[in-house]
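# Need a 3D model of the sequence below.
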Amino acid sequence: MEQHTADYMVRATAADAQIRAFAVTSRELAEEARADHNTSPVVTAALGRLMTGALMMGGMLKGEKDILTLQIRGEGPVHGLTVTADSSGHVKGYADNPQAMMPPNSAGKLDVGGVIGAGVLHVMKDMGLKEPYASTVTLQTGEIADDLTYYFAASEQIPSVVALGVLMNRDNTVRQAGGFIVQLMPFTSEEVISRLEEKLTKITSVTEMLEAGKSPEEILESVLGEFGLEITDRMPVEFRCDCSRERVEKVLLSLGKKELQELVDEGNEVQLHCHFCNKSYTFPVADVERLMKAADVK
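Numbers count the residues shown, from 1 in each chain. The predicted model follows:
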């Protein structure tokens, strides 16, 4: 019988803190995103991978209110993906073209690189400073794990290994999802680096490890066990959108009195849509009039 525990992430160190690592299972949140957005299998895999990577990168943020956004813009049929994560294990995301299709790649697998195509990865971190941190790198393969590995090397100068995987069931629901990130600290010895490189050549894919029933701890154990792995933290992770009727009202209010009056004059109810969770909010004319009075007060 299949057993699915709730998604969670672990943080760890190894080799006397010369290595830091993260691992996550994300099946439930990838499935929730698939159900919310009705994504095709290849887009489900792309969005699931990007959200999994974003969760672990969110885990690297220091402040409680820090926000990380990963945005991919590509020439492939999906056009773009946008994912936002915080430091508390919450993630949300959407695809510009959720129904995009792509034939399997030469290995017979979902062609995430193909559906994304040539393009760029934007990484933005809002850490409460005047200017958010922003970096843009060219996509290397569009397979997402390679692109995040390249981002860490090029923009943050941190040698990293990023592994991400999403496996689908025959009915196109998510069967497995998860990943790990292993990073070398600046003082890592050459001996540890070469041993780790050798070890990584023997590691099977993340989806194979998840399919074999390995937990995030066991995934890191199989990668870093011989380096004195120490799990330092474990936290639940989930797909969570923070939209609400109150927040959407604020967006309407920001239009100003003139635009709200035009909406009232048209006499139609107003519908606003949240990209991240696909939820719609409907405001009858009476509600728009009430908001207009509130805008007048301002």
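# so who does residue 28 touch?
4, 6, 7, 238, 239 (Cβ atoms under 8 Å, 6 or more residues apart in numbering). Where you see a C-beta, it was placed from the backbone N, CA and C, and this is true even at glycine.
# Tell me which of these has the lowest pLDDT.
Lowest-confidence member of those: residue 4, scoring 48 (pLDDT).
# CA atoms only for stretch 95-102, dumped as CSV, please.
Provided in CSV are the C-alpha atoms of stretch 95-102 (Å, rounded to 0.1, in the frame of the first residue of the first chain):
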residue,chain,number,x,y,z
ALA,A,95,2.5,28.7,-15.2
ASP,A,96,1.7,31.2,-17.9
ASN,A,97,0.3,28.4,-20.1
PRO,A,98,-0.7,25.6,-17.8
GLN,A,99,-1.9,23.4,-20.6
ALA,A,100,1.3,23.4,-22.7
MET,A,101,2.2,20.1,-24.2
MET,A,102,5.5,18.6,-25.3
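# which helix of the protein spans the most residues?
Identified as the longest helix of the chain according to DSSP state H is helix 41-58.
# C-terminal to that helix, what's the next element?
Remark: after helix 41-58, the chain's next helix or strand is strand 67-74, criterion DSSP states H and E.
# so what does that next one touch, helix or strand wise?
On a contact count with 3 or more Cβ pairs under 8 Å, 6 or more residues apart in numbering; DSSP states H and E, strand 67-74 meets helix 41-58, strand 80-86, strand 119-126.
# Of the contacts of residue 28, which belong to strands?
238, 239 (DSSP state E).
# pretty sure residue 271 is in a strand, no?
Yes - checked against DSSP: H, G, I helix; E, B strand; the rest coil, residue 271 lies within a strand.
# number of nearby residues for it?
Residue 271 has 9 neighbours, counted by other Cβ atoms under 10 Å.
# Please name the bridge partners of residue 91.
Following DSSP bridges, residue 91 is listed with bridge partners residue 85, residue 239.
# Having no further points to raise, I will conclude here.
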